[in-house]
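[1] model the structure of this input:
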Amino acid sequence: MSNPAVHHQINYVEFTTPDVARAKRFYNSVFGWSFQDYGADYASFNSETAGLNGGFMRGEAQPAKGVPLVVIYSKDLSATEAAVKAAGGGIAVPTFEFPGGRRFHFNDGLGNVLAVWSE
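    Numbers count the residues shown, from 1 in each chain. Sure, this is the predicted structure:
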């Protein structure tokens with residue numbers, strides 16, 4: 001099947017994690033993402049709750065160097081940072097300003113580093 005409307009567009013992002021169930025709990029708790037399970041070793045999320053289709057696959061997390069940084073938008077950066085900490089994540093790069101907004105980088109406690117930004 002062909003879908004020319006999405007030809008050459010980013011369609012899916014996949015993360016590795018040593019614990020799929022824990023990743024689901026973290027991202028659901030912090031960002032409200034919902035998941036579809038495909039056995040014990042894979043769970044997908046969709047663009048309706050996450051903004052982009054993707055999934056978590058059981059395995060060792062990718063090293064931070066050379067891996068693209070996934071950036072998530074938040075209407076309330078401070079509340080999202082508090083939710084990351086409450087869910088067991090850590091702050092990898094404290095909040096800083098850049099032209100157009102502010103952001104911080106976090107680790108999910110499972111080896112993945114992402115960022116959150118706001119105006």
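[2] which residues are contacting the longest helix seen in the chain?
    Counting residues, the longest helix found in the chain (DSSP state H) is helix 20-31. Helix 20-31 is contacted by residues 15, 17, 33-35, 40-43, 45, 49-50, 56-58, 72, 80, 83-84, 86-89, 108-110, 112 when judged by Cβ atoms under 8 Å, 6 or more residues apart in numbering. The C-beta positions use only the backbone N, C-alpha and C, and glycine is treated the same way.
[3] average pLDDT for that helix, rounded please.
    The pLDDT scores in helix 20-31 average 98.
[4] how about that helix, which residues are buried there?
    Neighbour-count burial for helix 20-31, counted by 16 or more other Cβ atoms under 10 Å, picks out 20, 22-24, 26-27, 30-31.
[5] kindly report the same for stretch 30-37.
    30-31, 33, 35.
[6] mind putting the residues you listed in a markdown table, distance to residue 104 included?
    What follows is the buried residues of stretch 30-37, written out as a markdown table (distance: Cβ to Cβ, whole Å):
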| residue | distance to residue 104 |
| --- | --- |
| 30 | 13 |
| 31 | 14 |
| 33 | 19 |
| 35 | 24 |
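[7] low-confidence ranges in the protein?
    1-7, 61-65 (pLDDT under 70).
[8] mind listing what's buried along stretch 44-64?
    So stretch 44-64, judged by 16+ other Cβ under 10 Å, has buried residues 44-45, 50, 54-56, 58, 61.
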